[in-house]
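Student: coords below, sequence missing:
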């Protein structure tokens, strides 16, 4: 990702995260970190890029519930994460770990 010099990084990130492929790659990279707080931040950034209220509506969860679930201290259920991902046009998937000898 090469951000144009006339845009802030936050603006560029927000714009990039509206692309489902970019959002999926971003979330996948953050999941590799195995850091709960980083994953919540990444989910929040992707949801913000799509409009938090619109994501809450599409996910069929209340605005307050979504804000609380994706907050720094949030503990969203798997059901909530799944609903949010689907509202963003994404899905959770599982694959085997690649073990390097």
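Tutor: Alright, I've got the coordinates. As the structure is a prediction and not an experimental result, all values here were calculated from the model.
Student: got any ranges where this protein has weak pLDDT?
Tutor: For the chain, applying pLDDT under 70 flags the ranges 1-6, 100-101.
Student: Let me see the ranges of the strands in it.
Tutor: Here the chain has no strands by DSSP state E.
Student: longest single helix anywhere in it?
Tutor: helix 36-50 (DSSP state H).
Student: buried stuff in that helix?
Tutor: Buried residues in helix 36-50, counted by 16 or more other C-beta atoms under 10 Å: 39-40, 42-47, 49-50. Placement of C-beta: from N, CA and C, glycine included.
Student: which residues are contacting it?
Tutor: 13-18, 23, 26-27, 30-31, 33, 55, 66, 70-72, 74, 76, 81, 84, 87-88 (C-beta atoms under 8 Å, 6 or more residues apart in numbering).
Student: which of the buried residues of helix 36-50 sit farthest apart?
Tutor: Maximum pairwise distance in the buried residues of helix 36-50, criterion C-beta to C-beta, is 17.0 Å, between 39 and 50.
Student: Understood, closing this out.
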